[in-house]
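Peer 1: this one's sequence-less:
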């Protein structure tokens, strides 16, 4: 049985060592800062389940959609930015908070996934969207 293109690339990527780059360092420092602030503000008291954390990430995307549906006005909290900019920032903040709390290598995963995506077929082989 032969491997698909994606399976071949995936097996090759598994053997590439993850480099400590400026991007991964910055993401790591930012994730730590975000997580420490969330702990300080009480968001990590007790246990948090993964589903709740993912739902909160999703809620920020939904708020971004609402901002766009209302013409993307300036943010109420950071008025130098639009509503969608604020909500996308909130998504990233929640992701980095979760990643740090769970010792995930999110910066390295992003870099590796970007490289993998460069190997994919046009529209990933025919997807509509």
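Peer 2: Structure received. Just so you know, these numbers come straight off a predicted model, no measurement behind them.

Peer 1: residue 63 contacts residue 89, correct?
Peer 2: No - contact between residue 63 and residue 89 fails when scored by Cβ atoms under 8 Å: they sit 11.1 Å apart. For glycine as for every other residue, the C-beta is placed from the backbone atoms N, C-alpha and C.

Peer 1: what's the neighbour count on the nearest residue to residue 68 once chain neighbours are set aside?
Peer 2: Leaving aside its sequence neighbours, residue 68 sits nearest to residue 84 (Cβ to Cβ, 6 or more residues apart in numbering; 5.8 Å). Each residue near residue 84 was counted by other Cβ atoms under 10 Å, and the total is 17.

Peer 1: now do the contacts for residue 42.
Peer 2: Residues counted as contacts of residue 42 (Cβ atoms under 8 Å, 6 or more residues apart in numbering): none.

Peer 1: correct me if wrong, but it is in a helix.
Peer 2: No - according to DSSP: H, G, I helix; E, B strand; the rest coil, the state of residue 42 is coil, so it is not within a helix.

Peer 1: please report phi then psi for it.
Peer 2: With angles defined as degrees, to the nearest 10, residue 42 sits at phi 90, psi 10.

Peer 1: now do it against residue 48, distance only.
Peer 2: Separation of residue 42 from residue 48 (Cβ to Cβ, to the nearest Å): 11 Å.

Peer 1: same deal with residue 90?
Peer 2: Taking Cβ to Cβ, one finds residue 90 at 17 Å from residue 48.

Peer 1: low-confidence ranges, this protein, go.
Peer 2: Along the chain, segments meeting pLDDT under 70 span 1-17.

Peer 1: so the residue nearest to residue 68 is in contact with residue 69, correct?
Peer 2: No - in this structure, residue 84 is not within contact of residue 69 by Cβ under 8 Å, at 10.4 Å.

Peer 1: now for these two: what residues contact both?
Peer 2: Counting by Cβ under 8 Å, 6+ apart, nothing touches both residue 84 and residue 69.

Peer 1: on that earlier part again, how far does the helix or strand hosting the residue nearest to residue 68 sit from the chain's center?
Peer 2: In this assignment (DSSP states H and E), residue 84 forms part of helix 83-101. Centre-to-centre, helix 83-101 and its host chain are 7 Å apart (Cα atoms, centre = their mean, to the nearest Å).
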